[in-house]
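K.L.:
mind looking at a prediction? Sequence and model below.
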Amino acid sequence: MMLEAKDLSKTYFSDGVDYQALRNVDVTIAKGECIAIVGKSGSGKSTLMHLLACLDAPTDGTVYFDGGDTSSLTEKQKNKLRNEKFGFVFQQFFLNGRDTVLENVVLPMRIRGSSNSRIAADAADALDSVGLADKTHKKAKDLSGGEKQRVCIARAIVGRPQVIFADEPTGNLDSHTGAAVEEMLFGLNRNNGITLVIVTHDDELAQKCDRIIEMKDGRIVAEHKQESAAL
Ligand SMILES: Nc1ncnc2c1ncn2[C@@H]1O[C@H](COP(=O)(O)OP(=O)(O)OP(=O)(O)O)[C@@H](O)[C@H]1O
Ligand SMILES: [Mg+2]
């Protein structure tokens, strides 16, 4: 299994109040799979995704990546794991508006310490594949919402990750642009074998994934395997 969560629980402590956002969740995700996590607002979808992506640590339970227990990793090793194996696409972009499209896209590779020639070639490929080659030197703040989301996808794929975690990747986009972004993510899954974990409110998007995990009150309450997940 590429990703495996065993008996995950997460309690948030804030302002003296405990809130159990995740309760004894088990999930396994195979290499090349495309998974949708659905459920009402507050059901624990983002919490689960953040734990699977080692962006946050569980209160209880364990996340395994490629069979290895991620809780035994140091912060530095976790950063390296995220930087080298994972790509992230979030609804709130997290782009640096004052930097150019190119500068935003190459960030993961700079962190990794890739060579300048490698960075230039891979960034050009990534921008090309999201159809933004002509926007390379524009400031990120001057792009449309759909273009910003495509920059995020370029940044997520530039390091050739094994898994892309996408939290509401089309939530802020009009249906046409959303469909293009969707198509791009599914293409990466189909053509490059990248494992996709998508948190979404969009039922139609979820139906296109191989498997749907439905959450309620911090638990997985249903899991549906799609008969024909093809687009
Ligand atoms: N940092 C935090 N501190 C305290 N409570 C939190 C924190 N983050 C999330 N929660 C609570 O945990 C629960 C689950 O949150 P989570 O973000 O996982 O929900 P979600 O399913 O992603 O919702 P949405 O669809 O609205 O994004 C919510 O009730 C939320 O208020
Ligand atoms: Mg969320």
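P.N.:
Cool, got the structure. Numbering: from 1, shown residues only. Ligands and ions are numbered 1, 2, ... in the order given.

K.L.:
residues from this structure in reach of ligand 1?
P.N.:
12, 14, 19, 21, 39, 41-47 (Cβ under 6 Å from any ligand atom). Every C-beta, even on glycine, is put in place using the N, C-alpha and C of the backbone.

K.L.:
which of those residues scores worst on pLDDT?
P.N.:
The lowest pLDDT within those belongs to residue 14, with 88.

K.L.:
of the residues of the chain next to ligand 1, keep whichever come out buried.
P.N.:
By neighbour count, with 16 or more other Cβ atoms under 10 Å, these hold 21, 39, 43-47 as buried.

K.L.:
got TSV for these, with secondary structure and distance to residue 66 too?
P.N.:
Output for those, formatted as TSV (DSSP: H, G, I helix; E, B strand; the rest coil; distance: Cβ to Cβ, whole Å):
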residue	secondary structure	distance to residue 66
21	strand	26
39	strand	27
43	coil	28
44	coil	24
45	helix	24
46	helix	23
47	helix	22
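
K.L.:
ok, back up a step: and the furthest pair within the residues of the chain next to ligand 1?
P.N.:
Distance extremes for the residues of the chain next to ligand 1: the farthest pair is 14 and 39 at 21.6 Å, using Cβ to Cβ.

K.L.:
after the least confident helix or strand in the chain by mean pLDDT, next one along is what?
P.N.:
Taking mean pLDDT, DSSP states H and E as the measure, the chain has helix 175-192 as its least confident helix or strand, at a mean of 88. Using DSSP states H and E, the next helix or strand after helix 175-192 towards the C-terminus is strand 195-199.

K.L.:
in this structure, which spans are helices?
P.N.:
Assigned by DSSP state H, the helices in the chain fall at 45-52, 75-85, 101-112, 116-129, 145-157, 175-192, 203-207.

K.L.:
distance to residue 35 added to the ones you listed, as CSV?
P.N.:
What follows is the helices of the chain, written out as CSV (distance: least, Cβ to Cβ, whole Å):
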stretch, distance to residue 35
helix 45-52, 10
helix 75-85, 16
helix 101-112, 22
helix 116-129, 22
helix 145-157, 16
helix 175-192, 10
helix 203-207, 9
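
K.L.:
what about residue 225, how many residues close to it?
P.N.:
9 (other Cβ atoms under 10 Å).
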